[in-house]
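Model the following, please.
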Amino acid sequence: MTLELLKGKIHRARLTACDLNYEGSLAIDPDYLDLANILPYERILVVNATNGNRLETYAIPGERGSGVFCLNGAAAHLGRVGDIVTIMCFGYFTPEEAATHAPKIIVLGEHNEVLVQRLGKKVIES
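Okay, here's the model as predicted:
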């Protein structure tokens, strides 16, 4: 048996762009991907706290250091620049792995600055 658990999360990111003329996905600054343990092209769940929309897509790396969060393709209809979103990815773990697993979580501020980093019970505030 395997269990599906939260692997990484970017909480309260602000969308910086929406591009209908792209084949799909969410472009994310790789600095955030690294901090949240999300890989390029990994499946993600995006929850828009501003309008209540939820969508499933995949993460693509944007320009490093840009702070970008850009909804692409049809998903761009589900958000607007400035919307607050939470981005989550999940992984499959054996019960033994699940017993010690801790997701990597980052919480962002109003300008997509990292306010908090969490790994299990360990919290680093910026």
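
which residue ranges form the strands in the protein?
3-14, 17-19, 25-28, 43-48, 54-61, 69-72, 84-93, 104-108, 114-119, 122-125 (DSSP state E).

Verify the contact between residue 37 and residue 104 for me.
Yes: contact status for residue 37 versus residue 104: in contact at 4.1 Å, counting by C-beta atoms under 8 Å. To be clear about C-beta, it is placed using only N, CA and C from the backbone, and glycine gets the same treatment.

Next, show the common contact partners of the two.
Shared contacts of residue 37 and residue 104, defined by C-beta atoms under 8 Å, 6 or more residues apart in numbering, comprise 7, 8.

Taking the centroid of this structure, which residue is nearest it?
residue 87 (2.9 Å; C-alpha atoms, centre = their mean).

Which residue, neighbours along the chain excluded, lies closest to that residue?
Spatial nearest neighbour of residue 87, excluding adjacent residues (C-beta to C-beta, 6 or more residues apart in numbering): residue 10 at 4.3 Å.

where in the protein is pLDDT low?
Applying pLDDT under 70 to the chain picks out no residues at all.

For residue 122, grab the count of nearby residues.
Per other C-beta atoms under 10 Å, the neighbour tally for residue 122 reads 8.

Without its sequence neighbours, what residue ends up closest to it?
Per C-beta to C-beta, 6+ apart, closest to residue 122 is residue 102, 7.9 Å.

quick revisit: dump the strands of the chain to JSON lines, plus distance to residue 78.
Shown next, in JSON lines, are the strands of the chain (distance: least, C-beta to C-beta, whole Å):
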{"stretch": "strand 3-14", "distance to residue 78": "14"}
{"stretch": "strand 17-19", "distance to residue 78": "9"}
{"stretch": "strand 25-28", "distance to residue 78": "10"}
{"stretch": "strand 43-48", "distance to residue 78": "6"}
{"stretch": "strand 54-61", "distance to residue 78": "5"}
{"stretch": "strand 69-72", "distance to residue 78": "7"}
{"stretch": "strand 84-93", "distance to residue 78": "10"}
{"stretch": "strand 104-108", "distance to residue 78": "19"}
{"stretch": "strand 114-119", "distance to residue 78": "25"}
{"stretch": "strand 122-125", "distance to residue 78": "31"}
